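>>> just coords:
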């Protein structure tokens with residue numbers, strides 16, 4: 001599946017931003033999805049994940065209560081709503097996908113994912 005992120009940009013600390021990832025290809029509903037980010041000088045890290053039915057989500061501790069991952073099967077998109085952003089959220093954000101046979105599973109490791117978007121910059125100013 002091909003993934004294209006949108007919605008990034010510059011936002012002030014405390015503000016909100018919504019990232020969207022559009023997927024092309026068949027059987028999007030069978031893909032578990034995730035968001036990762038790479039901050040300057042750091043390794044890419046997991047941010048959020050959602051199972052293919054969309055009823056189970058998981059977040060890294062630093063974004064819990066601030067970020068929300070969701071998916072729209074009709075539009076073949078997965079979004080990341082980012083609220084109360086902080087300067088430390090500044091990073092390139094990546095959308096990732098993998099097929100799965102189980103509605104139960106979400107995935108948090110980079111190596112679990114097969115397909116990646118090109119990434120989109122999010123900059124939070126203090």
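Here it is on my side, so go on. All of these numbers come straight from a predicted model, not from anything done at the bench.
>>> center of this structure, which residue is that?
For the chain, the residue sitting closest to the mean C-alpha position, by Cα atoms, centre = their mean, is residue 35 at 2.4 Å.
>>> what distance do you get for that residue to residue 57?
Distance of residue 35 to residue 57, given as Cβ to Cβ, to the nearest Å: 11 Å. C-beta: built from backbone N, CA, C; applies to glycine.
>>> name the residues contacting each of those two.
48, 49, 69 (Cβ atoms under 8 Å, 6 or more residues apart in numbering).
>>> just give me the closest of those residues to residue 23.
Distance ranking of those against residue 23, using Cβ to Cβ, places residue 69 first at 13.9 Å.
>>> which helix or which strand is home to that closest one?
Secondary structure from DSSP states H and E places residue 69 in strand 67-72.
>>> any idea which helix or strand comes after that strand?
Per DSSP H and E, the helix or strand that comes after strand 67-72 is strand 77-82.
>>> the inter-axis angle of that following strand versus strand 67-72?
Interaxial angle of strand 77-82 relative to strand 67-72 (axes from the mean of the first three to the mean of the last three Cα atoms, to 10 degrees): 160 degrees.
>>> which parts of the next helix or strand after strand 77-82 are buried?
The helix or strand immediately downstream of strand 77-82 is strand 91-99, counting by DSSP H and E. For strand 91-99, the neighbour count (16 or more other Cβ atoms under 10 Å) marks 91, 92, 93, 94, 95, 96, 97, 98 as buried.
>>> can you list those residues in JSON lines and add pLDDT and distance to residue 12?
Formatted as JSON lines, those follow (pLDDT from 0 to 100; distance: Cβ to Cβ, whole Å):
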{"residue": "91", "pLDDT": "98", "distance to residue 12": "16"}
{"residue": "92", "pLDDT": "98", "distance to residue 12": "19"}
{"residue": "93", "pLDDT": "98", "distance to residue 12": "17"}
{"residue": "94", "pLDDT": "98", "distance to residue 12": "23"}
{"residue": "95", "pLDDT": "98", "distance to residue 12": "24"}
{"residue": "96", "pLDDT": "97", "distance to residue 12": "28"}
{"residue": "97", "pLDDT": "95", "distance to residue 12": "31"}
{"residue": "98", "pLDDT": "93", "distance to residue 12": "34"}
